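In: Okay, structure incoming, though there's no sequence with it:
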């Protein structure tokens, strides 16, 4: 049976979901799941969880745990990457510096100063993982969950020979929210979604063959539908509603994310109240993480039986389809080889993909609506420069990538941007060696 490797397994929130998802499929329960992390302290609780879950269910799944990447990769068929370089201490460090200059990001892991420097810390080690895979398990699939998805997937596709795909849960999450807005069961909503990661577009939205966009437009005339504190996991969904009303299509990911990919919402303090935005990189985030860690450790020690239910993440769905030959359709991030015809060839796009025993087959989409493609291109410009700058260790290209960021450009001058970039380079020099 398959050997499934999770690199960065010490990230327990994701690892728990992925391990559980795999075991929901009877056909995958004889697999080997190899958990790898450079931190033994973070790895041990996840390994304990996995072994306890297998024992509770009476499965034959083999659970391995190691701090050796090469050991984990030996014989691997599927390799998940969920790493976080530097851990929580560095997750929002660059965004905090950007905020001093007036660039107030929401999450800061995808675009802008936070996203570009987050990529600068993560692309090199992920390329190292791929180099090991080329030697140890060259036929294995790399499935990346680490952000920034587009920049990482672009770099892996251009600079390694490894079969790879980038996975995110924004399509599943947004489809469930749209079904709630429309008042219909989420499993009955059908859709066709394409674009780029965190900014893909629901090109078709149907219920029993009926176009649901007219009803959605009607529903969203009532701000109570989307402006409530619990409209989305990250809070009110005002930004996405505004983008939908202005551009005609609903986008994936949250309002807090979309607000930092465009120049309209976070450039002045008073706009935060108008669009019901908040800062997610405050110290309370670390407190929440510490609470989650403590709760997880307590769960492992308890007598509670762990539930065996699927999270909806695509990773295990892909493995199941490849191993059994039972086809599945997912949305995944791949190199644009003519799939979206009005986006840059070779960039990273998120498109519907069919999966079967022969692998992952991206679907042809054609042209996006012109206005949607235009918004995507503003992000792709940053991604392209970031990829080149990171791989070439070129400070100037990193600076230029951030100059092209829509939010940064709405707030800062060229000289202000240069000073901000220089300060982030200085603060993160431990992880940014070799730049010229």
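Out: Received the coordinates, thanks. Keep in mind that this is a model prediction, so the values were computed, not measured. Numbers count the residues shown, from 1 in each chain.
In: Helix, strand, or coil at residue 79?
Out: Assigned by DSSP: H, G, I helix; E, B strand; the rest coil, the conformation of residue 79 is strand.
In: Might one say that it is in contact with residue 129?
Out: Yes - the criterion here is Cβ atoms under 8 Å, and residue 79 meets it with residue 129 at 7.4 Å. Placement of C-beta: from N, CA and C, glycine included.
In: And these two? Which one has more around it.
Out: residue 79 (28 against 24; other Cβ atoms under 10 Å).
In: what's the closest non-adjacent residue to that one?
Out: residue 5 (4.6 Å; Cβ to Cβ, 6 or more residues apart in numbering).
In: try residue 414
Out: residue 403 (6.5 Å).
In: if I pick the one you found, what's in contact with it?
Out: 409, 414, 417 (Cβ atoms under 8 Å, 6 or more residues apart in numbering).
In: Quick check: phi and psi at it.
Out: Torsion angles at residue 403 (phi, psi; degrees, to the nearest 10) stand at phi -60, psi -30.
In: could you measure it against residue 258, distance?
Out: Between residue 403 and residue 258 the computed distance is 21 Å (Cβ to Cβ, to the nearest Å).
In: Give the intersection of the neighbour lists for residue 79 and residue 129.
Out: 7, 142.
In: Contact partners for the residue nearest to residue 79?
Out: 33, 34, 36, 72, 73, 76, 78, 79, 80, 140.
In: On the three-state scheme, it is what?
Out: strand.
In: That one bridge partners, please.
Out: Beta-bridge pairing of residue 5, defined through DSSP bridges, involves residue 34, residue 79.
In: what's near enough to touch the closest residue to residue 267 other than its chain neighbours?
Out: Computed as Cβ to Cβ, 6+ apart, the closest residue to residue 267 that is not its neighbour in sequence is residue 410, at 4.4 Å. Contact partners of residue 410, counting by Cβ under 8 Å, 6+ apart, are 263, 264, 267.
In: out of these, who has the most neighbours?
Out: residue 267 (18 neighbours).
In: contacting residues around that one?
Out: 407, 410, 411.
In: Secondary structure class of residue 259, three-state.
Out: Residue 259 ends up helix, using three-state DSSP.
In: ok now the lowest-mean-pLDDT helix or strand in the chain, how far from the chain's centre?
Out: Least confident element among the helices and strands of the chain, by mean pLDDT, DSSP states H and E: helix 88-91 (a mean of 70). Between the centre of helix 88-91 and the centre of its host chain there is 17 Å, according to Cα atoms, centre = their mean, to the nearest Å.
In: Quick check: next helix or strand after that helix?
Out: helix 93-100 (DSSP states H and E).
In: That next one - contacts with which helices or strands?
Out: helix 112-136, helix 414-427 (3 or more Cβ pairs under 8 Å, 6 or more residues apart in numbering; DSSP states H and E).
In: If I look at the nearest residue to residue 320 once chain neighbours are set aside, what pLDDT would I see?
Out: Leaving aside its sequence neighbours, residue 320 sits nearest to residue 25 (Cβ to Cβ, 6+ apart; 4.8 Å). Per-residue confidence (pLDDT) for residue 25: 98.
In: Neighbours of residue 25, how many?
Out: Close neighbours of residue 25, defined as other Cβ under 10 Å, add up to 17.
In: I'd say it and residue 321 touch.
Out: No - the criterion here is Cβ under 8 Å, and residue 25 misses it with residue 321 at 10.1 Å.
In: Pull out the buried residues from the least confident helix or strand of the chain.
Out: By neighbour count with 16 or more other Cβ atoms under 10 Å, helix 88-91 contains the buried residues 90, 91.
In: which helices and strands sit right next to that helix?
Out: Going by 3+ Cβ pairs under 8 Å, 6+ apart, helix 88-91 lies up against helix 283-301.
In: Quick check: what element follows the helix it packs on along the chain?
Out: Downstream of helix 283-301, the first helix or strand assigned by DSSP H and E is helix 314-324.
In: List of residues touching that following helix?
Out: 1-2, 4, 18, 21-22, 24-25, 27-28, 78, 80, 141, 143, 145, 165, 167, 169, 172, 310, 326-328, 330-332, 355-357, 359-360.
In: which among the contacts of residue 5 end up buried?
Out: Looking at the contacts of residue 5 with 16+ other Cβ under 10 Å, the buried ones turn out to be 33, 34, 36, 72, 73, 76, 78, 79, 80, 140.
In: Turn those into CSV, including distance to residue 9.
Out: Output for the buried ones among the contacts of residue 5, formatted as CSV (distance: Cβ to Cβ, whole Å):
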residue, distance to residue 9
33, 9
34, 9
36, 6
72, 9
73, 13
76, 13
78, 13
79, 11
80, 8
140, 16
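In: returning to what we had before: quick one: the residue nearest to residue 414 and residue 417, what's the gap?
Out: 6 Å.
In: Poorly predicted segments of the stretch 301-436 of the chain, please.
Out: Judged against pLDDT under 70, the stretch 301-436 of the chain has no low-scoring part.
In: so how far is residue 65 from the residue nearest to residue 79?
Out: 11 Å.
In: quick revisit: among the contacts of helix 314-324, which are located in strands?
Out: Using DSSP state E, the members of the contacts of helix 314-324 that fall within strands are 4, 78, 80, 141, 143, 165, 328, 330-332, 355-356, 359-360.
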